[in-house]
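S.K.: Generate coordinates for the sequence data below:
(chains A and B)
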Amino acid sequence: MNNTKSTELENVVVRFTGDSGDGMQLTGTLFSNLSAILGNEISTFPDFPSEIRAPQGTVGGVSGFQVHLGASKIYTPGDEADVLVAMNPAALKVNADGIKKGGVLIFDEDSFKKSDFDKAGFKTENPFEELNISDTIQLIPAPLSTLTQSSLEGFDMDNKTILRSKNMFALGLICWLFNRPIDQAIHFLQNKFGKKPGILEANVKVLTDGFNYGNNLHLSISTYTVEKSHELPKGKYTSISGNKATAWGLIAASKKAGLDLFLGSYPITPATDIMQELALRKDLGVKVVQAEDEIAGITIALGASFAGELAATSTSGPGLALKSEAIGLAVMAELPIVIVDVMRGGPSTGLPTKTEQTDLLQALYGRNGESPAVVIAASTPADSFHFAFMASKIALEHMTPVILLTDAFIGNGTSLWKLPKLAELPEIKPNYAQPGMEGLKVTARDEVSKVRYWSIPGIDGFAHRNGGLEKDYTSGAISTDPLNHQKMVDTRKEKIDYISNLLPELKIEGDENAELLVVGWGTTHGHLMTAVNALNKDGKKVALVHFNYINPLPKNTKQLIKKFKKVVVCELNSGQFATYLRSKVPGEYLQYNKVQGQPFTVTELEEYFAGLLK
Amino acid sequence: MDTSLIQQYTAKDFKSDQYVRWCPGCGDYAVLNTLQKVMAELGVPPHETAVISGIGCSSRLPYYISGYGFHSIHGRGAAVATGVKVANPKLTVWQITGDGDCLAIGGNHFIHSVRRNVDINVLLFNNQIYGLTKGQYSPTTKKGYVTKSSPFGTIERPFRPAELTFGARGTFFGRLLDVDLKSSQMTMLAAAKHKGTSVVETLVNCVIFNDGAHSWLSEKETRYDRIIILEHGKPMIFGKNSDKGLVLDGFNLKVVTIGENGVTENDILVHDAHCEDTTLQMKIAMMEGPEFPVAIGVIRDVEAESYDEAMTNQITEIQAKSKIKTFDDLIDSCEQWEM
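M.R.: Numbering: from 1, shown residues only, chains lettered A, B, ... in the order given. This is a model prediction of the structure:
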C-alpha cells in the first residue's frame, strides 16, 4: 500500500535526462501528453546535443526533455527542475545547476558506478558531493537497469533490447510520483507500438512495474498532485511542436486560398522537421522538393510561386544568408513566398541545436538594394500555426516575400494547442488579375494597396515577362530611368507599409499604469509574461508589450511606447530589435540581452526588472 | 491541353513587343528565330509556354518570346524552371542559359535538374566566354585561351557539356550550331518532344568577345565536312558529298570514306540515340576536329519517368489511399483530448 502523503502543487517542472540513445525525448513526450489529457497546462522543451550519438555516458551525449505542468496558465517550460531524472552521471553533471533547491533527483543506481563516473569526468565516486548538491536535494536511487532486467525475465529478448526499455521504468516511477494513472500512458504506447506486439508488451510490463515499484517503496518523500487547469477555453486540444504547427499553418493557408502548397527546402537543423512534416502530406496535395542546396530550395519555390502555387521554403540562419539574393528577386518580381527561419545560435555554423534571436537584422536588411520584406515572429509552439497562416495570407494578398521567424526553442518545444477548424480561419483572397483585364502589364497594381495583380501562367490573355531587372512603372518593360527607379523603390516600400493598416494593434499586458514597460518580440513572450505577472502579483508596476509583427510595425507602436517613461527591450541577441525600434520610434531604450544559446529564465528577468524599479 | 484548342501558329505568334537588344551579328538571334519557329511547330499556345532564364546575354531571351517568361537570378534558372514545371506540369517549360550561368554559378542546379529528369528543355548557349561582363573566360573556354581575366592564357581544363550531362544521368543530349538552321530546328523540336530534361548545347558565336570560336565549324564552304548531322536509325554519314562515315575500329571511332578500301554504306555505323548505354553516344559527343566531325543533332534520347510526372503520380496514389482528405481530417487525426 502506498502510505505516502501527497502534496498539491500549482505547477511543477520535470526534466528527463540521459544518453541521446536512452529514449528521454519519448519518455518526456508521453509524460507531458498524459498530463495534458488529465487537464494540466503543459509546455515542453527538448534540449539535445548536435552529435547524433556521442560516446555513451559522456557529457557530450546528454539529451534532455523538460516538461512544465500547471494547474493554471503557464507560459514557459520552466527554469529549474523540481524533479530531475538522470539515467547516468553525465546527465546529472550537465543538469545539476538546473535542479531547484529541495528538488528530487531520481537516478539509475546501476549506471552510477566507478566507470560511469570516469566517463562523465567525475574525480571521485561521490558525484553529489562533488557537485555540491548532496545537502540541497532529495535522492531517490533506483537500480533501473536491474529492475528492468528482472521485469522482463522470461521475455524472448536480448539484454540490449531489454535495457532499452528502462526509460519506461523511469516513466512508471514518475507516474507514481505524480499520482498519474498509467492507463493513458499504456494507451499511448499502444498507438506507438501497435504494430510490434512484442515491444508493446515489454514496454507496458516495464512501465507497470516501475509504477508499482514506487507504490511499494514506502519512501519518506511526498508524491505530488497538480490539479486540472480551469483557465483554458473549453475545447479539443493537442500538444504540438512549433515546427509541426508551422507546417500545418502553411497547409491551412493553402487550403483557405484554394492553392496547392509547394515547399522547396534543404535539410538544416533545427528547421528540418517542417520539411519532413510537409513531405508526409501528399494526401493534402502538398508538393515538397528536397533541393540540392538552400538557394535551389527557395528558387524552386519561387518558380512554383510564379506558376501560381502557395510557395514556401524552410531554413535556419545560415540558409537564410544563402537565400538572400532570391528573397531580393521575390521583392523585385513582387511574387508571394513564405520563408521560415527557425533561428539557431550563430554566426556561421554556430550552435545548430540551440536557440537565439540573432537573425532579426538579417531578415530585415540582409539583402542588396532597397529591399523591403514583411517580417513576422511567432511566440509559442502553438501560435506558430497562426503566424505561419498569417505569413501566407499576407504574402498572397500583398504579393511579397514574408519572413517568418521562429527558433529552436519554440520549433522543437511543444505547447497545448486548441484544435482549429478550417472554416473558422480567416479568408485568403489573392489579388488575381480578373477576366476583362487581359493584356495588363506585369507592373499593374491596385493604386491604394500598391499590390500588383497576379496573373498565372497557363491563362490566355495575361502572358507577361517578369524578372529581377527594374521595370517601368507603367509599361512593365525593363527600365533604367532614374526617376522611374525612385518611383518603383518608393512603391515597393509603400506596399509593405500599407500592410500595417491591417495588423492587429499592440496590447499592453500587465499593469496599464506601469513605471516600467518591458518590450519583447517572438519566442521570449512566455518568460517575459511570467516575470511580469509575478512582479505584478507583488504589487510592482511593470507591463509588457510584445511584438509579433515586426515589419511593418503595428500602427499604434509609437503611441503605446511613448506612454511609458522607462522602456526595456529584452531579446536573445545583442540588441537587434532595440536598434530597429530606435530607428522607427526614436527614444531612450534600456536593453536586456542574452546570447547563450538558451532562453531567458524567469528568475533572471524578475531580478533584473525588480532592480530597474528600485 | 484541350485538343479542340489546337490551332496553327506561326513564329510571329511567339514574338513579343520587346526590342531585341543583342549585339549586331550575335549568334543568339539565329537561335531565337529558330526557337520561335519550333514553338509554332509544336502547337503549344504562347500562354502555355514558359521561358525561364538566369543571367547573361542569352538569359535576356525570355523578354523576346510572347509567352510567360521569368528572367531570374544568376545560375538559378534550372531551379526556377523546376519549380514552374512541378507546380504546373501542363506548361511547356524552356530554360535559357549560357556556359557561365549553367556550368559555373549554376552548375549544381544543372546537374541536379538533369538527374531528376524534370521535363524542361534546356538551351545551353555555349559561346565559351562571359559576354555580359565583357570577356572573361568561362568553364568551357579552351585551355590556354587569352581573355581579360586570363591575360596569359587560362590554366583551367574546360567542361564538356555532354560529359557533364551523361555523368548526371541525362536522358537527352543534343547539339546545334547557330548558323545551321535546319538541323537546329530539328534538334530543338526533338528536345521539346522529349519527356524529361533535354539538354541542347547551342554553339553560338560571340561577335564581340570571342568571335570565331566556332568558325572552324560554321564556315559555309567546309561546314558539312566538319560537322555530322545525326539522325536516329540512320547511318552516320557526313561530308559535302556525303561520302564520309563513322565506323568502329576496336573500341574507337574512325572516319572512313565510302568507296575507298572497299568501304560501302552498309559498313557505316547506324546512330542509336535511344540506346540506354551511353558508351557510343559519349564517343560521338566527344568527337573533335580536325580528326573527327563535330556531332550535331540528337545524340541521346532515352525514355525515363520525369520528376514532375513522378510527383503527380505519387500524390494521386497517396490521395487514393489516405484517410486524410481535408485539413479538418488532418486535425482529427492527431492525438487529442477535451479540456
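S.K.: how many other residues sit next to the residue of the stretch 301-450 of chain A found nearest chain B?
M.R.: Nearest to chain B in the stretch 301-450 of chain A, going by Cβ to the nearest Cβ, is residue A:303, at a distance of 2.3 Å. To be clear about C-beta, it is placed using only N, CA and C from the backbone, and glycine gets the same treatment. Residues lying near residue A:303 (other Cβ atoms under 10 Å in any protein chain shown) number 33.
S.K.: Residue A:478 too?
M.R.: Neighbours of residue A:478 under the rule other Cβ under 10 Å: 17.
S.K.: can you tell me how far it sits from chain B?
M.R.: Distance, residue A:478 to chain B, by Cβ to the nearest Cβ, to the nearest Å: 7 Å.
S.K.: and stretch B:121-134, which residues are buried?
M.R.: Buried positions in stretch B:121-134, judged by neighbour count with 16 or more other Cβ atoms under 10 Å in any protein chain shown: B:121-132.
S.K.: can you check stretch A:178-188 too?
M.R.: Of the residues in stretch A:178-188, A:178, A:180, A:182, A:184-185, A:188 count as buried by neighbour count, 16+ other Cβ under 10 Å.
S.K.: most centrally placed residue in the chain?
M.R.: Just going to use chain A. Closest to where the C-alpha atoms of chain A average out (Cα atoms, centre = their mean) is residue A:410, at 1.4 Å.
S.K.: could you do chain B instead?
M.R.: Residue closest to the average C-alpha location in chain B (Cα atoms, centre = their mean): residue B:200, at 2.0 Å.
S.K.: That one in helix, strand or coil?
M.R.: Secondary structure state of residue B:200, per DSSP: H, G, I helix; E, B strand; the rest coil, is strand.
S.K.: isn't it right up against residue B:122?
M.R.: Yes - counting by Cβ atoms under 8 Å, residue B:200 touches residue B:122, with 6.6 Å between them.
S.K.: Quickly list what's touching both of these two.
M.R.: Listed as contacting both residue B:200 and residue B:122 by Cβ atoms under 8 Å, 6 or more residues apart in numbering or on different chains are residue B:191.
S.K.: can you list the domains in chain A?
M.R.: A:6-226, A:239-424, A:431-502, A:508-613 (automatic domain parsing).
S.K.: sorry, back to before: wait, which of the buried residues of stretch B:121-134 is closest to chain A?
M.R.: For the buried residues of stretch B:121-134, the nearest to chain A is residue B:132 (12.1 Å; Cβ to the nearest Cβ).
S.K.: what's the closest residue to chain A within chain B in contact with, if anything?
M.R.: As assessed by Cβ to the nearest Cβ, chain A sits closest to residue B:83 within chain B, at 2.3 Å. With contact set as Cβ under 8 Å, 6+ apart, residue B:83 has these partners: A:262, A:264, A:289, A:299-307, A:311.
S.K.: Make TSV out of the residues you listed and add secondary structure and pLDDT.
M.R.: What follows is those, written out as TSV (DSSP: H, G, I helix; E, B strand; the rest coil; pLDDT from 0 to 100):
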residue	secondary structure	pLDDT
A:262	strand	98
A:264	strand	98
A:289	strand	98
A:299	helix	98
A:300	helix	98
A:301	helix	98
A:302	helix	98
A:303	helix	98
A:304	helix	98
A:305	helix	98
A:306	helix	98
A:307	coil	98
A:311	strand	98
